[in-house]
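J.: This is a predicted model, with the sequence first.
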Amino acid sequence: MGDKLVLTGGNKLRGTVEVSGSKNSILALMSAAALGKEDVCLSNIPSNSDVYTMAEILRSTGVQVRFGEGCVYINGKDIVDHKPPYELVRKIRASVYTAGLLLGRLGQAEVALPGGDEIGSRPVDLHMRGFQTLGAEVTVEHGFMICKASRLTGANYYINKCSVGTTINMLLASVLADGVTILENAAKEPEIVDTAILLNSMGAKIRGAGTDTIRIEGVRELHGCEHSPIPDRIEAGTFLIATAAAGGEVLVTNVLSEHLRIPIAKLREAGAEIIEGDTDILIRANRRMKAVDVDTAVFPGFATDLQAPFGVLLSQAEGAGIIRETIFDNRFRYVDELRRMGAEIKVERDTAIFRGVDRLSGAPVEATDIRAGVAMVIAGLVAEGITEVSGVYHIDRGYERFDEKLRNLGADIRRC
Ligand code: UD1
């Protein structure tokens, strides 16, 4: 039996919470760092289980990964194996980055295809087409994506659908390729900019990250450097939404508010008072939030990873609010769990209509994925009575000490 989080709802949140380094960034940064043949030191790393899984995956290919105090050293000089084990790869979606890494460094990669998961079907067709554009032969055999290239050559690639993973994988595969690669319709998420900054510090020549056209001029070798990931904008957004839902006053530190423009605008529209500092955000929520409508979108739009937490806020806001999920095809699974707590939600295809109830009531619920998991915890914070959240390993995959941070803000939450 895994851990459970047991919450007694009703406490307002008060105090200061420090956000960790970005989970999604660090997984890309670790893969990027392994492209080099010298030590890359990544500091301020989040301590969550996805980071340790990624470390194991990289080690399985010969990459040296050493953890220090809050940091990790990565060196790809001894990378030899192009086939990381299926049992590790299937644990995290970001393992797909090893395809770009191994193809870029060894000219071959054999990586298990990710299946669908809790948030929808998760194809990698765009990754594969991108590798082919660089001259690799890519096939699918026995559940593995098999990529081979005697030499990768820069090319123009228009990414049909804006995809974070594809953009990162193309950066990884093309930085050591011959010639110039141009990615069009590239994703613009801050984690992509972060990855490009690290690679440039290692000697890569990447321009335009953060816009929809990225230019990568291949270089022969990459060297060592030091780098810190950006703050985790999703963790920061989660604490802002939790405070708006539960009420109270919280200073969220180590956060860049330009990464959260739309979520902040939506929280203000719902009635929260928000004061933005250079690297912190103060949120005050002294009354019941009003319902608002949200469409998830690629950056700088409302992040799909904040959709479930925001759904909890709407489930007991004043009035009716609508969420349209435009990124993933099955991201309303948490709704069934919320209904068990008394929420009134109607789902039609990509749209969920929330009619706010006065108060959710505590119940045993399940975390079905990372973000749905933290959403259940927020529901437990605001519900009347006791909520038991199971499937906590999902939350631990992406959040560092989430329960401890909430307890420090006054939440009644314990792990058992
Ligand atoms: C990343 C994030 C995830 C976030 C998501 C969207 C990591 C580890 N994960 O996931 O937290 O929710 O971005 O911001 O950083 N698609 C295809 N074919 C492909 C690739 C993607 O059709 O080959 C589709 C997906 O099914 C989805 C959309 O493109 O509908 C966006 O996916 P993508 O941006 O690639 O998400 P991930 O990189 O998997």
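T.: Yep, that arrived.

J.: Going by C-alpha atoms from here, please, whenever you check contacts or count neighbours.
T.: Will do.

J.: how about residue 83, what does it touch?
T.: 61, 109-111 (C-alpha atoms under 8 Å, 6 or more residues apart in numbering).

J.: between those residues, which is nearest residue 237?
T.: Closest approach between those and residue 237, by C-alpha to C-alpha: residue 111, at 32.6 Å.

J.: contacting residues around the closest residue to residue 394 other than its chain neighbours?
T.: Leaving aside its sequence neighbours, residue 394 sits nearest to residue 370 (C-alpha to C-alpha, 6 or more residues apart in numbering; 4.7 Å). Counting by C-alpha under 8 Å, 6+ apart, residue 370 touches 394-398.

J.: taking those one by one, which sit in helices?
T.: 394-398 (DSSP state H).

J.: Just name the closest of those residues to residue 262, please.
T.: residue 398 (21.9 Å).

J.: which residues touch the residue of the chain most remote from its centre?
T.: What lies farthest from the middle of the chain is residue 150; by C-alpha atoms, centre = their mean that is 33.0 Å. By C-alpha under 8 Å, 6+ apart, the contact set of residue 150 is 107, 136.

J.: Give the helix, strand or coil label for it.
T.: In three-state terms, and counting by DSSP: H, G, I helix; E, B strand; the rest coil, residue 150 is coil.

J.: now do residue 58
T.: Counting by three-state DSSP, the backbone at residue 58 sits in helix.

J.: out of the ones in helices among the contacts of residue 370, who's nearest the ligand?
T.: Proximity of the ones in helices among the contacts of residue 370 to the ligand (C-alpha to the nearest ligand atom) peaks at residue 398, which lies at 9.4 Å.

J.: residue contacts, the nearest residue to residue 153 once chain neighbours are set aside?
T.: Spatial nearest neighbour of residue 153, chain neighbours left out: residue 178 (4.7 Å); criterion: C-alpha to C-alpha, 6+ apart. Counting by C-alpha under 8 Å, 6+ apart, residue 178 makes contact with 151-154, 217-219.

J.: let's see 6 Å
T.: 153-154, 218 (C-alpha atoms under 6 Å, 6 or more residues apart in numbering).

J.: And it, how far from residue 134?
T.: 9 Å (C-alpha to C-alpha, to the nearest Å).

J.: got it, and residue 77?
T.: 23 Å.

J.: now do residue 184
T.: From residue 184 over to residue 134 the distance is 14 Å, taken as C-alpha to C-alpha.

J.: Can you give me the neighbour number for residue 407?
T.: 14 (other C-alpha atoms under 10 Å).

J.: Next, the closest residue to it other than its chain neighbours: secondary structure please.
T.: In this structure, residue 407 finds its nearest non-sequential neighbour in residue 413, 6.1 Å apart by C-alpha to C-alpha, 6+ apart. Assigned with three-state DSSP, residue 413 falls in the strand class.

J.: Specify the beta-bridge partners of residue 413.
T.: residue 7 (DSSP bridges).

J.: thought it was touching residue 7?
T.: Yes - counting by C-alpha atoms under 6 Å, residue 413 touches residue 7, with 4.4 Å between them.
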